Structures are given as C-alpha cells and as structure tokens.
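In: Fold the following, please.
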Amino acid sequence: MSPRPFSSIRVSQQSRQQPWRQRFWQRGVPSDLDESIELDRAALLLCPPGHSDRSRSLNNFAASLRDKFRQRGVPSDLDECIELDRAALLLRPPGHSDRSESLNNLAVSLADRFTQRGVPSDLDESIELDRAALLLRPPGHSDRSQSLDNLANSLGERFGQRSIPSDLHECIELLRVALLLLPPGHSDRSQSLNNLAASLGDRFRQRGVPSDLDESIELHRAALLLRPPGHSHRSQSLDNLANSLGERFRQRSIPSDLHECIELLRVALLLLPPGHSDRSQSLNNLAASLGDRFRQRGVPSDLDESIELHRAALLLRPPGHSHRSQSLDNLANSLANRFRQRGVPSDLDETFSLFLQLPHISHAVSRSDLTAAKSWATVAEETNHTSALLAYQTASKFLDQHVTLLSSSSRHFNVVRMAAASLAVDAFSCSIRHGALTTAVELVEQGRAVFWTQLARLSSPFDGLSLPGDTGGALAEEFKQLSFRLRSAFDQSTEDQSPQIRQLTIQWNNVVSRIRMLPGLSQFLLPPLFSDLQKAAEDGPVIIVSASRYSCDALIVLSDQNPVHVPIDVTRAQVSELSSDFQSVAEQFGSSDNQNKLVGILRKLWHDIVDPVVQALSVSNVHPGSRIWWCPTAEFALLPLHAAGPYERERDNLSQIYISSYTPTLATLVRARQRVSQYASTQYFVAIGQGNPDRGKELRCVAPELAAIAQRLVPVVSSFTSLRDNLATVQGALDALNHNQWLHLACHGMPHRTQPFESSFTMRDGPLMIKDIIQSNWQNPEFAFLSACHTTVGDEKSPDESIHLAAAMQFSGFRSVIGSMWSIDDEVARQVVSAFYDKLVDDSGRLDCTRAAVALHKAVKKLRRNNISLEQQIVFVHIGV
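Out: As a prediction, the model looks like this:
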C-alpha cells in the first residue's frame with residue numbers, strides 16, 4: 001500500500017479556442033476535434049511567414065493536435081504539435097508578451113512525449129522551458145501557480161526516473177510556493193495539498209526523516225476536509241490519508257495510527273460500490289491493514305475478515321487482470337498465516353492451490369508477480385511442500401521476463417537487486433536437494449549477474465544468430481522498436497502495469513513468438529539450457545560454490561558428464577562470518593602484520609570448502625596442473641578461494657595443485673570462448689598509466705612499470721601506444737580503447753561499495769567510471785591487465801551482481817582480464833607485470849590471451865622466491881578464458 005501518485009496533468013494554454021474545440025471538450029464528440037484541426041490547418045495557410053497572427057495560429061493548431069494526441073495516442077500528432085510549438089516560440093523572442101505562453105506549451109508537449117516514449121532529453125528540455133516560463137511569471141502573475149505546478153510535476157517525474165534528491169527537494173519547494181498562491185476557498189487547493197503531501201511521502205521513503213511523513217499526513221488531512229461527502233475525489237483522499245497512517249504505523253507501531261487507517265479504509269470502501277474500478281484495490285488495502293492489526297494484537301477475527309476481503313478482491317481480478325498475482329499472493333499468505341495459527345489442513349491446501357495458478361499468468365510480468373512467486377517458494381520450503389522446485393522455476397522465469405523488459409539504467413539495477421536477493425542460491429539449493437543438478441546450474445545462472453546478462457541482450461540481442469531473408473530483418477526491426485518503446489514506458493511509469501505497458505507487452509510477446517518460430521531461433525531471449533552452459537567447461541571444470549539459508553553446496557560442471565555435487569558442511573551464517581572476517585583483515589593489509597589471521601582464514605577456506613572440491617576433482621580425473629574456474633555466488637564472491645590451502649610443510653596449497661581462474665557466470669565464459677578476434681593477425685596494445693592523478697597520492701612505480709612493458713612488447717606487437725600523465729585522461733583512455741584490443745592500465749582503482757556504477761579508475765582529470773565503460777562499444781577487445789587496487793570489489797549488498805571494474809571490462813568484451821582483490825603494493829605490481837608479460841608471449845612470438853592465467857600463476861610463483869608478503873602474493877586474480 002502506498003499513497004497514490006499526485007496528478008501530473010500539465011496545463012497548456014491557447015490564445016483563442018475554436019468553437020468546435022470548446023464543443024469537443026463539452027461533449028467529447030471526436031468529429032468536433034477533427035473539424036477544429038482542419039480549420040486550424042486552413043487558418044495557418046492564411047497566415048504565411050511574416051503575418052502578425054502567425055504565432056497565434058501556430059499555437060492554436062498545436063493545441064488542437066495536443067488534444068487529439070491525448071485522446072487517441074497517435075505519436076505523429078504529438079511530433080507535429082511539438083514542431084508547431086517550436087515554430088511559435090521562434091516568433092515570440094525575449095520581450096514578446098506571449099513568450100511565457102509558448103515556453104509553457106512546448107514544455108507541456110515535450111513532457112507528454114516523454115511520458116509516451118521515455119526519451120530523457122525530452123523531459124530535461126521540458127524542465128528548462130518550464131524554468132524559463134516561470135521566470136517570466138513573477139509573483140502576482142495570474143499564471144504563476146500553474147507554472148510552479150508544471151515545473152514541480154516535471155521535476156517529480158524526473159526524480160521517479162533518476163532518483164536525484166535535488167529534483168525532489170526542488171519539487172517540494174515549488175509545491176509549497178504554489179500552495180501559498182491558492183488560499184482557503186480556492187477550487188484547486190485540495191489538489192495542491194494532495195500533491196505536496198504525496199511528494200513529502202516520496203521524500204520520506206527516500207530519506208526516512210519522520211517529520212516529512214508527519215507533514216504529509218497533516219496535508220492529507222487538510223485535503224480530506226476540503227473534499228466533504230459527495231466530493232468526486234473524497235475516496236482518493238481517504239485512501240491517501242489511510243495509506244500514510246499505515247506507513248507511519250509500520251515505522252513507529254502506534255496502535256491509534258493503524259486503527260484510524262482501518263476506519264478510513266472502511267469509509268473509502270463504502271464510496272466504491274460493486275462495479276467501481278477501484279473497488280478491488282480498496283478491498284486489498286483494508287485486508288492488508290487488518291492483517292497488520294492481527295500481527296499486532298492477535299485477534300482471530302481480524303485475520304478472518306482480512307481473508308474474506310482478499311477473497312472478494314481476487315474475485316474482481318480474474319485471469320488476465322494485471323493485479324491478479326498480487327491478490328493470489330495476499331490471500332495465499334493470509335491462509336498460510338492462519339494455518340500456522342490453527343493448523344487446519346484445508347487452509348494449507350488452498351494456499352498452494354492459489355500459488356499453483358501463478359505459472360499461468362498471461363500479462364506483462366511485474367514486480368508483484370515475482371514477489372508472489374518468491375512467497376510461494378518460501379511457504380513451500382517452510383512446509384516441505386512438493387511444489388518448491390516449481391516455485392523457484394516460476395520465480396526465476398518471472399525475474400528473467402521482468403528484467404528483459406527493463407532498460408539497463410542503474411535505477412533498474414536497484415529493482416533487480418531487491419527482486420533477485422537470495423533467489424539464485426535458494427533455487428540452486430532446492431534443485432540439488434531434489435537431485436536435479438542440471439536444473440540447479442540453469443537456475444543459479446538465471447538469477448545472478450542479472451544486470452550484465454540484460455546489458456548483453458540489449459546491446460546485441462541477435463549476436464550469433466542469422467535471421468533469414470526479408471522476414472527476419474523486418475521482425476528484427478519490429479523487435480528493436482517495440483523493445484525501445486517498452487523500456488521507455490517502464491522507465492517513466494511509477495507502476496509496472498499501466499495500460500500502455502500492457503498493450504506494448506502483448507505486441508512485444510507477439511513479435512518474440514514470431515522470431516522463435518524462425519529456423520534455429522527457438523531459444524531466442526530464453527535463458528540458456530544446461531547443454532549451452534556446459535560449454536564453459538571445455539578447457540577445464542567450472543566449480544559453482546553457493547551458500548543458501550537451506551544448504552551450502554559446490555557443483556562441479558564438467559565438459560563431458562553430468563555435474564558432480566560436493567556437499568559443504570558449513571552454514572550460510574558461517575560463510576558470512578568468514579567473509580566478514582576476511583574483509584576486516586583485508587582492510588588492514590599493508591598497515592599491520594595480519595599474516596597469522598590471513599593464514600587462519602585461508603586454512604578454514606581449505607578445510608571447509610576447497611579441500612572437499614579438490615578431492616572430488618581428483619575422483620573426476622582432473623589432473624594436477626590443470627586449469628579450473630571458480631564461479632562463486634553471494635558471500636563466496638568476496639573470498640580468495642584461489643589462495644586456500646593448509647599452509648603446512650609437506651602439504652600442497654590449492655595453487656600448487658591447480659591453476660585457478662574466476663568467472664562471474666558460465667554464460668560469460670561461454671561468450672568469451674566463442675568470441676574469437678577478427679584481428680588475429682594484428683595486435684594493437686595500449687599501456688595507460690596515471691601516477692599523478694587529479695586527486696589521490698602519487699604512484700611512483702607507474703612509469704617504470706610502463707617502461708618494462710614497452711621494452712618487452714614493442715618488438716612483439718603490431719602497434720604499441722603509451723599514454724601517461726597529462727595524456728592519460730578519461731577521454732584519452734576511452735579513445736585509446738577504440739583503437740586497441742590489448743590494454744594495460746596502471747593507476748588508482750576506486751571501488752564504490754554502495755553505488756557500484758561509480759567505481760572508477762583515477763585518470764588525470766577525474767574518474768573513468770563503470771558507467772562510462774559500459775556505454776562504450778569497443779571492437780574485439782582481447783585482454784586487460786588492471787594494475788589498480790580493488791578492481792574485483794563490487795556492491796556490498798549484492799555481490800552476486802558482480803558490479804565491479806574487472807567485470808565491467810569483461811562484459812564490455814575483454815575475453816581475459818587480470819584484476820585485484822584488494823590494495824596492491826606499487827613495487828609488487830611492477831615485479832608481477834614484468835614476469836607476467838614474459839610468459840604471455842607464445843612460442844611463435846605473439847601475445848595469446850588464453851595464456852594469461854598460466855602467465856600469472858608463474859609470475860606469482862617467482863614472487864614467492866622474493867620473500868614478498870602473503871597478501872601481495874595472492875592479490876591478483878584471473879577472470880575469463
């Protein structure tokens with residue numbers, strides 16, 4: 001339950017309305033509007049360039065087209081309207097009495113187009129035009145409150161898109177000023193109170209400052225007083241006030257807030273008789289609040305009434321209704337709750353009969369569908385129900401379908417992060433407990449690194465696919481256009497199920513179905529099957545390690561047989577504690593002697609996790625000296641599995657038995673194996689070093705490090721470029737990467753644990769961020785050595801998403817990447833790099849990126865002889881082929 005978003009209908013203006021247009025607004029007859037447009041077109045022809053009434057005629061014609069667009073939604077009407085508004089504005093230069101009107105109208109039209117297509121520049125331009133119009137409407141101007149409102153609405157919309165706090169703050173300040181211009185008695189005052197209350201509610205949800213929620217509640221109360229019984233918006237105000245009180249109850253547990261919330265929702269429900277479109281939501285809200293009160297006071301009748309209201313809501317949401325899964329989930333959870341209280345078997349039977357309807361939903365998959373499927377999995381695990389694996393398969397399918405339709409903005413990363421939390425590892429555990437090992441691989445793959453998977457799909461959905469003839473080409477074009485429109489609609493919508501989204505999804509699903517009917521395209525945009533993922537193990541086994549609340553497991557994926565399960569005898573809490581202990585030790589590397597603590601952690605890793613895997617590899621005939629790939633999930637992603645060992649004389653550590661690499665997902669490794677360079681005959685290498693960044697301490701070994709690389713590689717590669725100091729800028733680095741397939745980067749690495757897309761490499765003029773890297777489109781990149789600190793450190797809340805610098809390079813196309821798990825000593829980096837490039841050159845005297853793991857292994861072995869500290873011996877890791 002959340003307060004309804006405030007109205008964002010922006011007001012446009014016109015100098016004189018045609019009588020047909022006025023009649024259209026009074027009677028709603030479409031032919032009146034069509035006639036008005038024809039007359040406006042004819043009138044414009046009578047006002048050629050230079051005519052004194054031309055700007056007014058352009059303005060009126062644009063207004064009629066805007067009305068038509070709002071009625072019928074034809075994009076070309078809005079495009080023409082915008083061109084006319086632009087032309088009118090050109091005829092009203094600064095100082096013209098009607099300039100503010102033209103600025104306002106063009107802003108409104110661009111905002112409408114943003115709402116339809118989601119192009120961010122339309123919204124940005126609309127905001128700048130609204131600002132310019134407001135400057136021309138100083139205090140006392142009759143249209144000032146309208147301009148304040150329009151600008152506030154657009155800023156509120158942009159906050160919804162990009163979550164920039166300053167937009168919301170400014171929106172609130174403008175709405176405060178607008179409210180002052182609408183004194184008691186003004187007809188628009190209640191809507192203004194409602195808008196300001198809604199924005200303060202948004203800010204409370206963003207910042208959690210209690211006074212924002214308190215003020216929001218008082219404003220909703222004031223709005224309700226201005227909407228007495230009989231007012232058309234009374235039920236909306238009852239709902240908004242009730243929802244805000246419910247929100248405050250969940251924050252502070254004040255019983256009177258919940259009691260008042262329930263009473264308001266009862267009154268609101270009476271105003272929505274059977275047949276009213278909002279009745280099902282009202283039933284749902286009241287049922288949810290009664291459920292809250294049951295959890296607080298334990299009165300059985302509250303739970304019984306909540307269940308009956310959820311039943312009534314479900315009846316109003318038949319199959320195909322966009323909120324049906326929400327009602328199925330709410331009723332099923334309430335029944336499961338009653339089963340826990342009273343143990344009546346029929347309640348549990350009904351719970352699962354409701355959940356089992358979820359796989360058959362037919363609308364665009366939304367967050368609430370995904371939430372419902374995850375609830376099903378939780379209740380099935382809790383009661384040991386046979387449908388648990390089907391629940392995880394359904395949730396994974398919903399996650400995949402929902403993410404497919406989202407854009408790749410970092411805003412949606414947060415949606416994905418919340419949606420995917422623990423789903424992959426729990427599904428993995430459930431599959432293993434059911435003996436479905438290949439399904440375990442498919443499900444863990446589907447629920448991890450979701451952002452990167454989606455980015456790969458969006459940038460090249462037809463990679464590796466041949467589309468037959470004209471039909472295939474036309475379908476590909478239709479798919480791209482619909483995908484763009486659908487992602488735009490999701491970007492600008494506050495909910496997942498607007499009518500526009502539903503309509504576009506039907507069209508999108510239709511074109512995807514038609515593509516899948518083409519020869520060889522039956523799996524288009526579907527998650528990979530085990531038979532596809534198994535190709536990751538062509539050059540050596542891939543070991544997935546996972547910690548779920550239900551079990552901890554390793555699964556060895558081999559190229560020519562079924563996966564091998566290795567039970568791990570630890571709990572998720574113990575893995576989490578080990579990971580946390582390791583992070584604490586790693587933060588102090590270089591400043592104090594943590595050798596004993598580090599060895600203790602590496603021994604525990606060996607004993608509990610890695611040694612059982614090594615024994616299983618040996619049984620599977622994986623010979624010592626072979627390459628292996630670790631695919632760690634969740635908390636395991638932060639642990640140095642490659643460095644585990646008993647650390648005792650006469651006993652081998654892992655690095656003395658196998659050569660370890662990492663991969664964030666199996667699909668990433670498969671893609672890297674398949675991507676063979678078109679430029680195999682020419683090797684272009686760039687070494688970028690920034691030892692004197694804009695901010696941060698000097699790195700003295702960068703220059704000697706680049707000199708050593710140049711000395712070794714200049715005779716070997718087709719072209720060697722070195723960028724240092726003033727040349728190593730953000731743009732300089734991006735430009736160099738457009739022309740080189742091989743990269744060595746020596747600089748400061750700056751991880752951002754809470755905003756991972758802002759993790760960066762420090763250049764002379766500022767940070768080169770992950771978000772810059774992923775927007776680049778480099779041609780056939782091969783290998784990157786990231787001689788910078790913390791390049792494999794990602795988002796602390798969702799390590800499964802692998803949003804870190806090394807992964808960004810890999811997902812941008814680099815087949816093989818060397819990164820670091822913590823801070824690197826400057827001198828150590830220089831020594832590793834010198835030894836590494838010696839070993840990267842193959843027998844024919846050329847660079848070979850598939851030798852990177854072995855080259856690193858040998859370079860590190862050399863370090864051990866030089867008496868380098870243990871943490872510096874194990875800091876570098878290899879990712880990829």
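
In: How many residues are close by the residue nearest to residue 254 when sequence neighbours are not counted?
Out: Distances taken as Cβ to Cβ, 6 or more residues apart in numbering put residue 248 closest to residue 254, at 6.9 Å, once the chain neighbours are dropped. Quick note: C-beta positions are derived from backbone N, CA and C, even for glycine. When counting by other Cβ atoms under 10 Å, one arrives at 21 neighbours for residue 248.

In: ok, now which ones touch residue 248?
Out: 213, 214, 217, 254, 257 (Cβ atoms under 8 Å, 6 or more residues apart in numbering).

In: do the same with residue 136
Out: The contact partners of residue 136, by Cβ under 8 Å, 6+ apart, come to 99, 100, 103.

In: Which of those residues has the largest number of neighbours?
Out: residue 103 (24 neighbours).

In: isn't there a helix covering that residue?
Out: Yes. Remark: residue 103 belongs to a helix, assigned using DSSP: H, G, I helix; E, B strand; the rest coil.

In: Could you check how far residue 49 is from residue 57?
Out: The gap separating residue 49 from residue 57 is 11 Å, by Cβ to Cβ, to the nearest Å.

In: Compare those two (neighbour count), which wins?
Out: Using other Cβ under 10 Å, the more surrounded residue of residue 49 and residue 57 is residue 57, with 21 against 7.

In: shouldn't the more buried one be in contact with residue 41?
Out: No. Taking contacts as Cβ atoms under 8 Å, residue 57 lies outside contact range of residue 41: 9.7 Å.

In: Three-state assignment for residue 55, please.
Out: When the rule is three-state DSSP, residue 55 gets the label helix.

In: Isn't it up against residue 85?
Out: No. Using Cβ under 8 Å, residue 55 is not in contact with residue 85; the gap is 10.5 Å.

In: How much space separates residue 117 from residue 75?
Out: On the measure of Cβ to Cβ, residue 117 and residue 75 end up 7 Å apart.

In: Which of the two has more residues huddled nearby?
Out: A count of neighbours by other Cβ under 10 Å puts residue 117 above the other of residue 117 and residue 75, at 16 against 12.

In: what does the strand or helix carrying residue 260 contact?
Out: Element membership for residue 260, per DSSP states H and E: helix 255-270. By Cβ under 8 Å, 6+ apart, the list of residues contacting helix 255-270 from outside reads 235, 238-239, 241-243, 245-246, 248-249, 279, 282-283, 285-286, 289-290, 292-293, 296-297.

In: Flag every buried residue along stretch 149-169.
Out: Within stretch 149-169, the residues that count as buried by 16 or more other Cβ atoms under 10 Å are 149-161, 167-169.

In: just to revisit the earlier point, nearest to residue 854, of the contacts of residue 136?
Out: residue 103 (64.8 Å; Cβ to Cβ).

In: Need the per-residue pLDDT for that closest one.
Out: We have a pLDDT of 96 for residue 103.

In: didn't it look like it was pressed against residue 135?
Out: No. Between residue 103 and residue 135 there is no contact under Cβ under 8 Å: 9.2 Å.

In: Report the set of residues contacting both of residue 55 and residue 85.
Out: With Cβ under 8 Å, 6+ apart, residue 55 and residue 85 have common neighbours residue 102.

In: More neighbours: which of those two?
Out: Taking neighbours as other Cβ under 10 Å, residue 55 and residue 85 compare with residue 85 leading, 27 against 22.

In: Would you mind measuring from the more buried one to residue 46?
Out: 20 Å.

In: Residue 476 belongs to a helix?
Out: Yes. Under three-state DSSP, residue 476 falls within a helix.

In: That one: neighbouring residues, count only.
Out: 16.

In: Please apply the same query to the one 4 residues further on.
Out: As a burial measure, residue 480 scores 14 neighbours (other Cβ under 10 Å).

In: circling back to that earlier point, now compare the buried residues of stretch 149-169 and name the two farthest from each other.
Out: 149 and 161 (19.1 Å).

In: from the buried residues of stretch 149-169, which has minimum pLDDT?
Out: Within the buried residues of stretch 149-169, pLDDT is lowest for residue 161, at 71.

In: and that residue, how far is that from residue 127?
Out: Residue 161 is 12 Å from residue 127, by Cβ to Cβ.

In: end-to-end on stretch 727-746?
Out: Start-to-end span of stretch 727-746 (Cα to Cα, to the nearest Å) is 13 Å.

In: actually stretch 648-657, not the one I wrote
Out: Stretch 648-657: ends 14 Å apart by Cα to Cα.

In: swap in stretch 91-108?
Out: 18 Å.

In: Check stretch 810-828 too.
Out: End-to-end for stretch 810-828, by Cα to Cα: 24 Å.

In: what sits up against stretch 693-709?
Out: When contacts are defined by Cβ under 8 Å, 6+ apart, stretch 693-709 is touched by residues 687, 689-692, 722, 724, 744, 746-748, 762-766, 787, 826-827, 829-830, 833-834, 837.
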